[in-house]
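Enquirer: pasted the sequence and its predicted model underneath.
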Amino acid sequence: MSFKPAQWPRKLRSQAWYGGTSRDTIYHRGWLKNQGYPHDLFDGRPVIGIMNTWSDLTPCNGHLRELAEKVKAGVWEAGGFPLEVPVFSASENTFRPTAMMYRNLAAMAVEETMRGQPIDGAVLLVGCDKTTPSLLMGAASTDIPSIVVTGGPMLNGWFRGERVGSGTHLWKYSEAVKAGEMNQDEFLEAEQSMSRSTGSCNTMGTASTMASMAEALGMALSGNAAIPAVDSRRRVMAQLTGRRIVQMVKDDLKPSDILTKDAFENAIRTNGAIGGSTNAVVHLLALAGRVGIDLSLDDWDRCGRDVPTIVNLMPSGEYLMEEFFYAGGLPVVLKMLGEGGKLNKDALTVSGETIWSEVSTAQNWNEDVIRPVENALTDQGGIAVLRGNLAPMGAVLKPSAATPALLKHRGRAVVFEDIDDYKAKINDDQLDIDETCVMVLKNCGPKGYPGMSEVGNMGLPPKVLKKGITDMVRISDARMSGTAYGTVVLHTAPEAAAGGPLAIVRDGDMIELDVEARRIHLDISDLELTARLAEWTPIHDIPESGYAKMFHDHVEGADTGADFDFLKGCRGSAVGKDSH
Ligand code: FES
């Protein structure tokens, strides 16, 4: 840790709007006074933007306005001036074609909002999957002092005496209906039990993973990730976060001070220990690109390979985020990583202290929820990065969510050219498929879908499910929901729509998966592969206008985080010209 707090008092960037007596200053200050703010609030104290992803259409973040009030209380207490700012909210469960298509748009919006406004520090109020990475990316590109507070997970779902995990049980129950083990009325009855309270998904899905990533990176106060949305301690956390950001501004503690390579390595190892979502791969790669940290898929494999999954949460395990919180939450996991030599202990956090000083006294209150290493869910919890002629730029698989017997498998390809082709064929009993086959789904990557949808864990054909089979090897250039599971190869790069080798797989080809050897191979000759690639033409729609065109033209591959080429890097907080 080499951070030295800046001198205080000093002139802050908000004074370029609010300081002095010029006509422009009176314009900026006077108009804001229509909200009833006294003159002395513009005296040079830190102006804190509470970047709020609340939206009625982002139900996971539906309580964030209430939480923003607690953040404001903390900011006031610490002598700051809080201003709540709505920012683009990419809802996972409603946005079409997929929320991921809007992560970069949201990141761009928050970056410009922070830079173009009189904000000295930002509280990133997030929750649902894409809201966390998008705001982190935007804040990183301005490098204005920023801190994350998440909305927290929902309470446990319960249905007929069984824990119901957000998303995880949606997939399970829908497969049970297809297999004839559950009827439609029961499925409908289970619906309400999936969302018992406000908050984000209660599994270790992408929202909980990204909350954990923010904490492991050092961008949120210790203990933030697991507190349930409705727990009074969530509101306390929001208030403490409001207090803390004021001091961060005074100290000039910026994202670039915190988001170091050490911090990313800590996050990758944490992802392995918690059995986190594969979506963290694309989000952390993109975030690293914003701060100029050289992070690659190889870092994911190197850091995560020997990290056991110790958090027994769905989809890899049995419990839910509520129990993770009661067991001690992420600080316990970080402490265990540190004790095992798998934590860069000196990494700086938003507290101004090292991560080790934050977690070294954590206690585990339930060793069935946070398992001792000797009793881990799996010894290799990290994300496996696969390469081969089918994925020359890489593909990922989450071993903790896969069937061990399928981690080494050779099977006949059954190909779906795109998601519509899959939907048209999958329920057809004439489809030539059995459980030994490898399902291949194309054109679902960043350009192909567009947005790289979470369809990689495509449901199995009913005729296989009816035999009691619950998993098959599946390969695609799509993503998978963090709440999902299965032996699923994802993020295959280059994607099919960009002419990657996935595009030329044909029905009947043989495919070999060997996770231990990190290999994914299409069993055809190099000559044949080259000839097929030479014949390939894209089949996905290429947009002609609007955001969809910008997305298609500028989105990069999953192997580097699917950011826009022109958004990489930190552009800083300087505004350029004044508008008046
Ligand atoms: Fe919003 Fe899961 S759908 S957190």
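Expert: Yep, it's here.

Enquirer: assumed Cys128 was part of a helix.
Expert: No: per DSSP: H, G, I helix; E, B strand; the rest coil, Cys128 lies outside any helix segment and is coil.

Enquirer: please report how far it lies from Lys11.
Expert: Cys128 is 37 Å from Lys11, where distance means CB to CB, to the nearest Å. C-beta: built from backbone N, CA, C; applies to glycine.

Enquirer: same question for Asp129.
Expert: Distance of Asp129 to Lys11, given as CB to CB: 38 Å.

Enquirer: do Phe564 as well
Expert: For Phe564, the distance to Lys11 - CB to CB - is 34 Å.

Enquirer: can you check Pro446 too?
Expert: From Pro446 across to Lys11, the span is 42 Å (CB to CB).

Enquirer: and the longest helix for this structure?
Expert: Counting by DSSP state H, the longest helix found in the chain is helix 232-251.

Enquirer: show me what counts as buried in that helix.
Expert: Buried residues in helix 232-251, defined by neighbour count with 16 or more other CB atoms under 10 Å: 234-235, 237-251.

Enquirer: just checking, what packs against that helix?
Expert: Applying 3 or more CB pairs under 8 Å, 6 or more residues apart in numbering; DSSP states H and E, one finds that helix 232-251 makes contact with strand 47-52, helix 64-77, strand 121-126, strand 146-150.

Enquirer: I'd like these written out as a markdown table, with distance to Asp523 added.
Expert: Below are the helices and strands packed on helix 232-251 laid out as a markdown table (distance: least, CB to CB, whole Å):
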| stretch | distance to Asp523 |
| --- | --- |
| strand 47-52 | 50 |
| helix 64-77 | 50 |
| strand 121-126 | 44 |
| strand 146-150 | 45 |
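
Enquirer: and whatever helix or strand Glu215 lives in, C-alpha only, in PDB?
Expert: Secondary structure from DSSP states H and E places Glu215 in helix 206-217. The C-alpha coordinates for helix 206-217 follow below in PDB (Å, rounded to 0.1, in the frame of the first residue of the first chain):
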ATOM      1  CA  THR A 206     -24.100 -12.600 -11.100                       C
ATOM      2  CA  ALA A 207     -25.400  -9.900  -8.800                       C
ATOM      3  CA  SER A 208     -24.000 -11.500  -5.600                       C
ATOM      4  CA  THR A 209     -20.800 -12.300  -7.400                       C
ATOM      5  CA  MET A 210     -20.400  -8.700  -8.600                       C
ATOM      6  CA  ALA A 211     -21.100  -7.400  -5.100                       C
ATOM      7  CA  SER A 212     -18.400  -9.800  -3.900                       C
ATOM      8  CA  MET A 213     -16.100  -8.700  -6.600                       C
ATOM      9  CA  ALA A 214     -16.600  -5.000  -5.600                       C
ATOM     10  CA  GLU A 215     -15.700  -5.900  -2.000                       C
ATOM     11  CA  ALA A 216     -12.700  -8.100  -3.000                       C
ATOM     12  CA  LEU A 217     -11.400  -5.400  -5.300                       C
END
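
Enquirer: now the angle from that helix to strand 146-150?
Expert: Orientation of helix 206-217 against strand 146-150 (axes from the mean of the first three to the mean of the last three CA atoms, to 10 degrees) gives an angle of 140 degrees.

Enquirer: helix 206-217 and the ligand in contact?
Expert: Yes: applying CB under 6 Å from any ligand atom, one finds helix 206-217 touching the ligand at Ala207.

Enquirer: what is the mean pLDDT for that helix?
Expert: Averaged over helix 206-217, pLDDT sits at 98.

Enquirer: who does that helix touch, helix- and strand-wise?
Expert: With contacts taken as 3+ CB pairs under 8 Å, 6+ apart, helix 206-217 sits against helix 131-142, strand 146-150, helix 261-274, helix 279-290, helix 330-339.

Enquirer: ok, which stretches of the chain are strands?
Expert: 47-52, 81-86, 121-126, 146-150, 157-159, 162-164, 384-388, 391-397, 408-416, 438-441, 473-476, 488-493, 510-514, 519-522 (DSSP state E).

Enquirer: so Phe564 and Lys11 - more neighbours on which side?
Expert: Shown here are Phe564 and Lys11; by other CB atoms under 10 Å, Phe564 has more neighbours (17 against 9).

Enquirer: need the residues of the stretch 351-500 of the chain near the ligand, please.
Expert: Residues of the stretch 351-500 of the chain found near the ligand (CB under 6 Å from any ligand atom): none.

Enquirer: give me the residue from the stretch 351-500 of the chain nearest the ligand.
Expert: Thr483 (7.1 Å; CB to the nearest ligand atom).

Enquirer: who in this protein is up against the ligand?
Expert: Counting by CB under 6 Å from any ligand atom, the chain sits next to the ligand at Cys60, Glu92, Asn93, Cys128, Asp129, Ser166, Ser200, Cys201, Gly205, Ala207.

Enquirer: didn't the fourth one look like it was pressed against Leu57?
Expert: Meaning Cys128. No: under the criterion of CB atoms under 8 Å, Cys128 is not in contact with Leu57, lying 10.3 Å apart.

Enquirer: overlap in contacts, these two.
Expert: Ser89, Ser91 (CB atoms under 8 Å, 6 or more residues apart in numbering).

Enquirer: who has more neighbours, these two?
Expert: Cys128 (30 against 11).

Enquirer: got the contact list for the nearest residue to Arg506 once chain neighbours are set aside?
Expert: Excluding its sequence neighbours, the residue lying closest to Arg506 (CB to CB, 6 or more residues apart in numbering) is Val415, at 6.3 Å. Each residue near Val415 by CB under 8 Å, 6+ apart is listed here: Val440, Lys442, Val505, Arg506, Asp507.

Enquirer: and the residue nearest to Asp563 when sequence neighbours are not counted, what does it touch?
Expert: Nearest non-adjacent residue to Asp563, counting by CB to CB, 6+ apart: Ala286, 4.2 Å away. When contacts are counted by CB under 8 Å, 6+ apart, Ala286 touches Arg103, Asn104, Pro133, Met137, Thr560, Gly561, Ala562, Asp563.

Enquirer: pipe the residues you listed into CSV and attach neighbour count and pLDDT per row.
Expert: What follows is the contacts of Ala286, written out as CSV (neighbours: other CB atoms under 10 Å; pLDDT from 0 to 100):
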residue, neighbour count, pLDDT
Arg103, 29, 98
Asn104, 29, 98
Pro133, 29, 98
Met137, 28, 98
Thr560, 20, 97
Gly561, 27, 98
Ala562, 27, 98
Asp563, 27, 98
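
Enquirer: thinking again about what came up before, check the gap between the residue of the stretch 351-500 of the chain closest to the ligand and Asp514 for me.
Expert: In terms of CB to CB, Thr483 sits 27 Å off from Asp514.

Enquirer: give me the more crowded residue out of these two.
Expert: Each of Thr483 and Asp514 has its neighbours counted (other CB under 10 Å); Thr483 has more, 28 against 15.

Enquirer: for the residue nearest to that one when sequence neighbours are not counted, the count of nearby residues, please.
Expert: Spatial nearest neighbour of Thr483, excluding adjacent residues (CB to CB, 6+ apart): Gly167 at 2.7 Å. For Gly167, the count of nearby residues is 23 (other CB under 10 Å).

Enquirer: what sits against Glu516?
Expert: Taking CB under 8 Å, 6+ apart, we find Glu516 in contact with Leu407, Lys408.
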